[in-house]
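A.B. asks: coordinates only, sequence not included:
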């Protein structure tokens, strides 16, 4: 199976899982409190950090220069994006806007990394990443849609917003597939770029909110190693 097809399949899984989360908001709209929203986000941050480690670590060993370039670019791009959004966002709902932007924009490098992993990583590790990111995508889709609704966006448009964030992830996966279809030599760069962006998103979100549920965060960080251990 070609690299492009593998990346597209992975991107489609990410798109569908994020969209599922958006649709599930109809079930949880009346029962989800702000506290539960933050706890779910803490779980998501844990999965993102774990995924970033699994994306970066093998590539540092195989090609340290390309990996460090990708890692640095990923971190810097997320920091610059965060500063831009912070500067141009005002009002009492500033934290909600920042979180929405972070959820949408980190999906692009996340899609690149998760889907590119199918092309160049060991199968059990790549599948573990795919499954764990799909799980946290469901949570992300719910969080994003609920945040949009809390800002007064009509339910239909909030659902569309959640689906669009999944399209962003699909786009990242397809672009990664197109690049790797030409040469697999850029795999360490792409995976480290995605990992760096995800690490930056996690660090900035924790810094911005100044609160973290340790149990939820640890559950998130543990899910990929556990799945990687049990998968054949």
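C.D. replies: It's in. Quick caveat: nothing in here was measured; it's all calculated off a predicted structure.
A.B. asks: just give me how far the strand or helix carrying residue 166 sits from the chain centre.
C.D. replies: For residue 166, the host element (DSSP states H and E) is helix 155-182. Its chain's C-alpha centre lies 11 Å from the corresponding centre of helix 155-182 when counted by C-alpha atoms, centre = their mean, to the nearest Å.
A.B. asks: in it, what's buried?
C.D. replies: For helix 155-182, burial by neighbour count (16 or more other C-beta atoms under 10 Å) applies to 158-159, 161-163, 165-177, 179-180. Just so you know, the C-beta spots here come from the backbone N, C-alpha and C atoms, and that holds for glycine as well.
A.B. asks: what's the first helix or strand past that helix going along the chain packed up against?
C.D. replies: Note on helix 155-182: by DSSP H and E, the next helix or strand toward the C-terminus is helix 187-209. In terms of contacts (3 or more C-beta pairs under 8 Å, 6 or more residues apart in numbering; DSSP states H and E), helix 187-209 is packed against helix 34-62, helix 64-87, helix 94-120, helix 155-182.
A.B. asks: okay, those in TSV with mean pLDDT and distance to residue 224 next?
C.D. replies: Formatted as TSV, the helices and strands packed on helix 187-209 follow (pLDDT from 0 to 100; distance: least, C-beta to C-beta, whole Å):
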stretch	mean pLDDT	distance to residue 224
helix 34-62	74	4
helix 64-87	86	18
helix 94-120	77	11
helix 155-182	87	17
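A.B. asks: pick the most deeply packed of the ones you listed.
C.D. replies: Burial of the helices and strands packed on helix 187-209 is given as mean neighbour count (mean count of other C-beta atoms under 10 Å); helix 94-120 ranks first at a mean of 23.
A.B. asks: elements contacting it?
C.D. replies: Using 3+ C-beta pairs under 8 Å, 6+ apart: helix 94-120 touches helix 3-28, helix 34-62, helix 64-87, helix 123-150, helix 155-182, helix 187-209.
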